[in-house]
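1. What follows is a predicted structure for the sequence shown.
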Amino acid sequence: MIPPLAERIRPKRIEEFYGQRHLLGEDGAISLMLRSRNIPSMIFWGPPGSGKTTLARIIASQIDAYFFEMSAVSAGKSDIRKVVESAKRLKDRKTILFLDEIHRFNKAQQDYLLPYVENGTIILIGATTENPSFEIIPPLLSRVQVFIFKPLEKEEIREILLRAKDILGIEIKEDAIDLIAGISNGDARQALSILEMVYEYYGKRQITKEMVNAIASTRPIRYDQRGDEHYETISAYIKSMRAGDVDAALYYLARMVEAGEDPKFIARRMIIFASEDIGMAQPTALVVANEVFKAVEVVGYPECAINLAHGTVYLTLAKKDRSAYDAYKKALEDVKRYGNLPIPLELRNAPTQFLKELGYVKGYEKYPKGKSLLPEKLKGRRYYRKDGKDI
């Protein structure tokens, strides 16, 4: 069985590796480590196809270490135990354990790694597409160095494709290379997969832009509903609405919809935005956002994308006023600072005669003007300001 193209073209030496120049340049951290042959335990955090597995293999080869590779999806404590026992037995060389998708290990499994990482029995290289600060337990995170991998540049993808065409023995038109490099999202594996699919489907010795377009149009965009892409895209969407950039807001909305994001999640964020960012400037924004949420529940995909777009444009173009939200946060600060301050007697409920005799509700005016009803310690405090002025 012939391995996938991405595996056949995988670099074996550091000189063949493309991307991550911030780590592998002359003064890059990993370059310095390789020169000193002093390799610590590490976590590689970055998007798919950025070279995490490949670099781990190259590092092991470069320092002549025993190399064990496994995925946290299927591996367990017993698998780790075997590696540890092997490392204790084979002391003539260092042992590297490469654990792909390390974020899939639960707390107990990560705890199990701790002593062996700490005492140097194994050098752990974990790979993850998720933010380590969320997915890796603090004790383990404090014992490793985290290196951020970036998506490959378009030119780096081009160079990889040029190497691949020689292995396949084909020609690729320049515009076809440009198209693949552009749509692969900095993911070398995805770029090679597209090229291989075009080659296998058409069986032609020359790959054209039209062939690539036909194959690429069937591929889903990358989007993990629990990962960084999820949070980064919704963040970009909210910030675009906040800035009044309707085109950007619609673009990020379209990305989420196309990736199959839960439409109710988007609509809920719109409801929050209507009160937090628009607030008193256009109170009807909350009504619109709520109606969008109801429409999403009733209609569902694909048509509810129209409702989401309608709401997005309305909220983006609305005037913004955070005064109500800011006022609440200031009031909350005092609640946390002072705790449950005594409520003025005139505001207290008096269901019995005894409480009335104690002064409850005494002095209460139904519509007091200019009188502070705050607890005594906070008399005169102003939380809410309209247009930056007290009201």
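-> Nice, thanks for sending it over.
2. Helix or strand: which one has residue 201?
-> helix 188-202 (DSSP states H and E).
3. Any buried residues in that helix, and which?
-> Buried residues in helix 188-202, counted by 16 or more other Cβ atoms under 10 Å: 188, 189, 190, 191, 192, 193, 194, 195, 196, 197, 198, 199. Every residue, glycine included, has its C-beta placed from N, CA and C.
4. now the fifth one: how far from residue 61?
-> Summarising the geometry, the distance separating residue 192 from residue 61, computed by Cβ to Cβ, to the nearest Å, is 21 Å.
5. rewinding a little: between the buried residues of helix 188-202, which sits nearest residue 371?
-> The nearest member of the buried residues of helix 188-202 to residue 371, counting by Cβ to Cβ, is residue 190 at 66.3 Å.
6. Tell me where the protein has strands.
-> 42-45, 66-71, 95-100, 123-128, 145-148, 171-172, 206-207, 385-386, 389-390 (DSSP state E).
7. between the third one and strand 123-128, how many degrees?
-> Inter-element angle recorded for strand 95-100 and strand 123-128: 10 degrees (by axes from the mean of the first three to the mean of the last three Cα atoms, to 10 degrees).
8. so how far is strand 95-100 from its chain's centroid?
-> Here strand 95-100 is found 24 Å from its chain centre; the criterion is Cα atoms, centre = their mean, to the nearest Å.
9. now stretch 331-345
-> 37 Å.
10. Count the residues that sit near residue 38.
-> Other residues within reach of residue 38 by the criterion other Cβ atoms under 10 Å amount to 9.
11. what's the pLDDT at it?
-> pLDDT recorded at residue 38 is 91.
12. same thing with the one 10 residues further on?
-> On the pLDDT scale, residue 48 is placed at 87.
13. Identify the residue spatially nearest to it, adjacent ones excluded.
-> Leaving aside its sequence neighbours, residue 48 sits nearest to residue 187 (Cβ to Cβ, 6 or more residues apart in numbering; 5.4 Å).
14. For that neighbour, grab the count of nearby residues.
-> By other Cβ under 10 Å, the residues close to residue 187 number 19.
15. let's have the chain start at 52 instead
-> That works, and once the first residue is 52, the last one we named lands at residue 238.
16. so how far is residue 425 from it?
-> Distance of residue 238 to residue 425, given as Cβ to Cβ: 57 Å.
17. now swap in residue 282 and tell me
-> Where residue 425 is concerned, residue 282 sits at a distance of 38 Å (Cβ to Cβ).
18. Give me the more crowded residue out of these two.
-> A side-by-side neighbour count of residue 282 and residue 425, using other Cβ under 10 Å, places residue 425 first with 17 against 13.
19. ok, that one - contacts?
-> By Cβ atoms under 8 Å, 6 or more residues apart in numbering, the residues touching residue 425 are 395, 431, 432.
20. Distance check, the second one against residue 423.
-> Yep, that's residue 431 we're talking about. 6 Å.
21. any weak-confidence spans in the stretch 52-201 of the chain?
-> Along the stretch 52-201 of the chain, segments meeting pLDDT under 70 span 52.
22. Swap in 80 and give it another go.
-> The stretch 52-201 of the chain contains residues with pLDDT under 80 at 52-53, 185.
23. What is the neighbour count of the residue nearest to residue 389 when sequence neighbours are not counted?
-> Closest residue in space to residue 389, ignoring its immediate chain neighbours: residue 428 at 6.3 Å, by Cβ to Cβ, 6+ apart. Other residues near residue 428 come to 10 when the count uses other Cβ under 10 Å.
24. right, and residue 428 touches residue 391 too?
-> No. Contact criterion Cβ atoms under 8 Å: residue 428 and residue 391 do not qualify, at 11.4 Å.
25. what is in contact with these two at once?
-> The contact sets of residue 428 and residue 391 do not overlap (Cβ under 8 Å, 6+ apart).
26. Enumerate every residue touching the residue lying closest to residue 303 once chain neighbours are set aside.
-> Leaving out its chain neighbours, the residue that sits closest to residue 303 by Cβ to Cβ, 6+ apart is residue 288, at 3.9 Å. Counting by Cβ under 8 Å, 6+ apart, residue 288 touches 300, 303, 304, 307, 317, 320, 363.
27. Perfect, I'm done here.
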